[in-house]
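Engineer: any chance you could fold what I've pasted below:
(2 chains)
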Amino acid sequence: MTTTTTVPGGNREVLTGWGCTAPSAATVWRPRTPTETAAALTTIGDRGAIPRGMGRSYGDPAQNAGGAVLDLTGMDQLWLDGTTGELAAQAGASLDEILRQAVPHGWFIPVTPGTRFVSVGGAIAADVHGKNHHRDGSFGSHVRSLDLLTADGATSTLTPDGPRAADFWTTVAGMGRTGVITRATIDMLPIETSLLRVDTDRFTSLDDLMARMVEADEHYRYTVAWVDSVNGTGDFRSVLTGGDHAALADLDARQSRDPLAYDPDVRLTAPPWFPARALNRWSVAAFNEVWFRKAPRHRRDELHTIADFFHPLDMVRGWNRVYGSGGFVQYQFAVPDARADVVGVALDRLRTAGAPSFLTVLKRFGPGNPAPLSFPTPGWTLALDIPAGVPGLAATLDALDEVVLGAGGRHYLAKDARMTPATFSAGYPRLADWRERVDTLDPTGRFMSDLFRRLLP
Amino acid sequence: MMNALHEPQSVVVLGGTSEIARAIVAELPPSHLRRVVLAGRPSPVLTEAVAETERDLAVRGSSAVVTEVAFDALDTDSHPAVIGALFAEDVDLVILAFGVLGDQEEFETDPAEAVLAARVNYVGAVSAGLLVADQLRRQGHGALVVLSSVAGLRARRSNFVYGSTKAGLDVFAQGLADSLVGSGASVLVVRPGFVRTRMTEGLAEAPLAVSPQQVAQDTLKGLRKGSHTVYSPAAIGAVMAGLRSVPRPLFRKLPI
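Structural biologist: Sure thing, here's the model as predicted:
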């Protein structure tokens, strides 16, 4: 006897990424179980399907114009083994929910990006990184196994060193092109407290900052620098924070009463009607000025909450709307240590171009992992948010692409919304291996997204 | 795919010899372009336009492939097949640019000529526009630029046949835009004033005359801003708003 599965959804919806640019319409399905996910896949037409999580990629990887999008946020169950710290999660489970469940039991997610509103499936598909990349690598390096539903309708459990290790690493950073990740197991990090012990330093010279960052890698599990990329005409000023999970001994008597307390809250919601012109060179310059001045010149052993330290932007719901209806792009690249100079070149060019960036973040990368499309490579990564309407931005970024590629660098697919196929392939020398593997997993291109239509036409 | 900064990879021009459409192609960022199709009635002018576009893109460092496709606005029976074939691959930007200006005096002495102009400018555009919209809806993305004219905004004694074809086209394109809301696709109606092209050669230049390059720049600006309508130059929008409220007896006597 056969039974038919009814999958929720099936309406045509216009989708964008977090940057609110390049909208396209797709039929959105909202499966709640792996069985419903498999059933949804049987209905897709010649424009294929792509999984989508919380929609936090900036560009178009979770869009599939004219095809199907599988919104997996309803598939969000998770199971934590409180003794071993092994987490099993469905693809749609968010890091937010994982932290709420795990932190009170003394476990932390091994890698968190700047927002906790990302799904496990998305974190693997983009192979996200955090402030601890120099020490712990990216998200994919902590995945023990993943269940992949492939184009043939079969679901297989893949591991990083098992018989299908190649398929595992093709899926990590594979941006959904190999199939649907339905479930994954992850090794969590034990913590004694929910606080971070943080050191902060301000710099007025980019060279000083970068020299200090190289040293800081040795001392801190987590480091990141915020750069004022707007103010001034000469050097760039910055704030470096370095930290690690606080031990019980670091807490005072009051804090020790509930050392694993965790209650992150969203304090503000950005209004949907935020005027496009509110964010301009002058308002962003003022914001950067305040941000720099509010940071202590030099402070040691300050205790921060997880939310304050890792996810400051999550306190404002819908902050992406402050860039107005025209949306924004995030430009993020990585360059090797030998070409650290590209960081200064990029900052200079974008300041000259009048690109107002709220959040310019500089970070060091440690060794990469075996995934051919994984973004992190040893060296430096710089990320800037820029409103899409800045005049001449397209040409400025095209020219910067050449500088980055010339330095042996690359761009991050989870952020990209504008590069060319040539820029993509030049940045990822193992792209051909990856494609070969994808062709065996999905020979007829059942999994497709706007990103891949744009970058692998 | 059109990227976040509105740089298309694949462009189709219906009316491939249109100087405005070709100026739009010339203004597009060459490094992102992969495919340009100039569709029109087979002629040496069209072949030359293809060769010229190819040369221009190559000079600007683009590896885009430029092709010529036979398309006749009058032959509406052929439209489904021709437009279907153009969309065998995704198209990010379609420029509906075909049209004839004609001569008002000739139209009045030979109504058959006027009918022909109406069939090209309006009937052909309705056929092609609906078919393109259908393809854009299917692929879930893409923009259609429709070259209208300020001549369609108010009847003028000196060119009302042409003006009425553009009026029909303009209203059609506005409705088509509304029909595409929620489809991922969009329509931009471009209303130029007097444009210095082959089409207007030998005519007395009207005030606020623009070059095809200016129209192209205004069009791309409209696409970037997600506009529904663009005037080129922008000032002619205000002028037309004023002219539309001028009483007819007075308007008839204006030297325009």
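Engineer: mind checking the SS state of A:His54?
Structural biologist: Residue A:54: Met, not His. Following DSSP: H, G, I helix; E, B strand; the rest coil, we place A:Met54 in the coil state.
Engineer: surely it meets A:Phe117?
Structural biologist: Yes. A:Met54 is in contact with A:Phe117 according to CB atoms under 8 Å; the separation is 5.1 Å. Where you see a C-beta, it was placed from the backbone N, CA and C, and this is true even at glycine.
Engineer: need the residues touching each of the two.
Structural biologist: A:Ser94 (CB atoms under 8 Å, 6 or more residues apart in numbering or on different chains).
Engineer: how about the residues of chain A by chain B?
Structural biologist: Within chain A, the positions adjacent to chain B are A:12, A:14, A:19, A:21-26, A:47, A:59-60, A:64-67, A:325-327, A:329, A:388-389, A:393-395, A:397-398, A:417-422, A:450, A:453-454, A:457 by CB under 8 Å from any CB of the partner chain.
Engineer: ok, and the closest non-adjacent residue to the residue nearest in space to the middle of chain A?
Structural biologist: Nearest residue to the geometric centre of chain A (CA atoms, centre = their mean): A:Val128, 4.6 Å. Counting by CB to CB, 6 or more residues apart in numbering or on different chains, A:Val128 lies nearest to A:Pro113, which is 4.4 Å off, once chain neighbours are set aside.
Engineer: how about that neighbour, what does it touch?
Structural biologist: Going by CB under 8 Å, 6+ apart, A:Pro113 touches A:123, A:128-130.
Engineer: re earlier: three-state assignment of the residue nearest to the centre of chain A?
Structural biologist: Here A:Val128 is recorded as coil under three-state DSSP.
Engineer: surely it meets A:Lys415?
Structural biologist: No. Between A:Val128 and A:Lys415 there is no contact, the gap being 10.6 Å when judged by CB under 8 Å.
Engineer: what about the residue in the stretch 101-250 of chain A positioned nearest to chain B, distance to A:Gly130?
Structural biologist: The nearest approach of the stretch 101-250 of chain A to chain B comes at A:Met175, 14.3 Å away (CB to the nearest CB). Separation of A:Met175 from A:Gly130 (CB to CB, to the nearest Å): 19 Å.
Engineer: same question for A:Val390.
Structural biologist: Taking CB to CB, one finds A:Val390 at 28 Å from A:Gly130.
Engineer: A:Val143 now?
Structural biologist: To A:Gly130, A:Val143 is 15 Å away according to CB to CB.
Engineer: cool, A:Gly82 as well?
Structural biologist: Counting by CB to CB, the gap from A:Gly82 to A:Gly130 is 23 Å.
Engineer: residues contacting A:Ala165?
Structural biologist: A:158-159, A:370.
Engineer: where neighbours are concerned, which of these has the most?
Structural biologist: Most neighbours among the contacts of A:Ala165, by other CB atoms under 10 Å in any protein chain shown: A:Leu158, with 23 neighbours.
Engineer: partner residues bridging it?
Structural biologist: With DSSP bridges as the criterion, A:Leu158 is bridged to A:Leu146.
Engineer: quick one: the helices in the stretch 151-300 of chain A?
Structural biologist: Here the stretch 151-300 of chain A has its helices, by DSSP state H, counting those that start in this stretch, at A:165-171, A:206-219, A:253-256, A:281-294.
Engineer: residues of the third one that come out buried?
Structural biologist: Think helix A:253-256. Residues A:Gln255 are the ones in helix A:253-256 that count as buried (16 or more other CB atoms under 10 Å in any protein chain shown).
Engineer: A:Thr42 - nearest residue in space that isn't next to it in sequence?
Structural biologist: For A:Thr42, the closest residue by CB to CB, 6+ apart turns out to be A:Gly153, at 7.3 Å.
Engineer: the one you found and A:Ala38 touch, don't they?
Structural biologist: Yes. The pair A:Gly153 / A:Ala38 is scored as a contact, 6.1 Å apart, by CB under 8 Å.
Engineer: run me through the strand neighbours of the helix or strand of chain A at the bottom of the mean pLDDT ranking, direction for each.
Structural biologist: Least confident element among the helices and strands of chain A, by mean pLDDT, DSSP states H and E: strand A:268-269 (a mean of 74). The strands beside strand A:268-269 in its sheet (DSSP bridges) come out as strand A:316-317 (parallel).
Engineer: contacting residues around the partner strand?
Structural biologist: Strand A:316-317 is contacted by residues A:266-270 when judged by CB under 8 Å, 6+ apart.
Engineer: skip ahead from that strand and say which helix or strand is next.
Structural biologist: Sequence order places strand A:328-335 as the next helix or strand after strand A:316-317, per DSSP states H and E.
Engineer: what residues are up against residue 133?
Structural biologist: Just so you know, I chose chain A. A:111, A:363-366, A:376.
Engineer: nope, chain B
Structural biologist: The contact partners of B:Ala133, taken as CB under 8 Å, 6+ apart, are B:144, B:176, B:179-180, B:185, B:187.
Engineer: do that again at 6 Å, thanks
Structural biologist: Counting by CB atoms under 6 Å, 6 or more residues apart in numbering or on different chains, B:Ala133 touches B:176, B:180.
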